[in-house]
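K.L.:
I would like to see how this sequence folds:
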Amino acid sequence: MGFFENLFGKKKNNSENPQNKKDTSDGQIEDEPYGIDEDNAHARALELIPEEFFWSCIDELGPFGSDEGDMALSEFRDWKKENPRKKTYECLKWTIEGVSEKGISDYNEKILDRALIQSQLDDDNFDDSQYIYTVDISVIATGFGQLVDEGKIDEKNKPLIQLAIDRQKIWAELATNWEHRTEYIGNLNVLDRALKVA
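P.N.:
Okay, the predicted model is just below:
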């Protein structure tokens, strides 16, 4: 379980987050919001999730505070700019397949098997930081990125996001010696609550 200690032992510094630059019509350059930002978020997202951890770019127990979550949010926004007419499910599918290196059909209820997750954690040759944590947090950040930017989460995306939340809960529960597990599970419960009404 050394990964948990490494993952949450170091906090990111706000100054590490770059700002995207955008040309205005008069030729001046203006900062485009980067990362999670309450000031530029949709009002419904603020209403559904007022909890501070959600809006933090440095709290690694939140969906956007890790490098992986921050990257997923950025990738979602880039994807939306490039694919304005496509359904966000296609972005989620692209994310899952790219990060997990498996097809979308493999991201199903079977991944929630506690015995399977325990065996993966016990297997020194299985990279759970990539194939459990990074996959799931990328799904969560992509899905909730839509809520932050658009005030909704498309219904077709919710089952995939729910799988990610549920597997993260099991993963944390099995990390019995991880000191942040209770707080992390509590944060996941907040996401679970919001997903149901988003």
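K.L.:
contact partners for Glu52?
P.N.:
Asp59 (CB atoms under 8 Å, 6 or more residues apart in numbering). Placement of C-beta: from N, CA and C, glycine included.
K.L.:
what's the pLDDT at it?
P.N.:
Per-residue confidence (pLDDT) for Glu52: 97.
K.L.:
quick one: the strands in the chain?
P.N.:
Ranges of strands in the chain, per DSSP state E, are 20-23, 29-32.
K.L.:
now do the residue nearest the centre of the chain, the pLDDT please.
P.N.:
Centroid-nearest residue in the chain: Ala141, 2.4 Å away (criterion: CA atoms, centre = their mean). pLDDT, Ala141: 98.
K.L.:
from Pro63, how far off is it?
P.N.:
The spacing between Ala141 and Pro63, counted by CB to CB, to the nearest Å, is 5 Å.
K.L.:
what touches both of these two?
P.N.:
In contact with both Ala141 and Pro63: Gly69, using CB under 8 Å, 6+ apart.
K.L.:
select from the strands of the chain the stretch with the lowest mean pLDDT.
P.N.:
Mean pLDDT per stretch puts strand 20-23 lowest among those, at a mean of 44.
K.L.:
wait, Glu150 touches Ala41, no?
P.N.:
No - applying CB atoms under 8 Å, one finds Glu150 not in contact with Ala41, separated by 10.2 Å.
K.L.:
what about these two, which has more around it?
P.N.:
Ala41 (18 against 14; other CB atoms under 10 Å).
K.L.:
for the more buried one, which non-adjacent residue is spatially closest?
P.N.:
In this structure, Ala41 finds its nearest non-sequential neighbour in Val148, 5.0 Å apart by CB to CB, 6 or more residues apart in numbering.
K.L.:
hmm, the one you found is touching Ala45, no?
P.N.:
Yes - using CB under 8 Å, Val148 is in contact with Ala45, at 4.8 Å.
K.L.:
show me the shaky parts of this structure.
P.N.:
The model of the chain has pLDDT under 70 over residues 1-33.
K.L.:
just the helices in the protein please.
P.N.:
Counting by DSSP state H, one finds helices in the chain at the ranges 2-9, 43-48, 67-82, 88-100, 114-122, 128, 135-150, 158-174, 181-197.
K.L.:
what's the fifth one packed up against?
P.N.:
Think helix 114-122. Applying 3 or more CB pairs under 8 Å, 6 or more residues apart in numbering; DSSP states H and E, one finds that helix 114-122 makes contact with helix 158-174.
K.L.:
and for the helix it packs on, what's in contact with it?
P.N.:
So helix 158-174 is contacted by 92, 96, 107-109, 111-112, 114, 117-118, 121, 128, 132-133, 135-137, 139-140, 143-144, 153, 178, 181, 184-185, 188-189, 191-192, 195, 198 (CB under 8 Å, 6+ apart).
K.L.:
which parts of it count as buried, going by neighbours?
P.N.:
160-172, 174 (16 or more other CB atoms under 10 Å).
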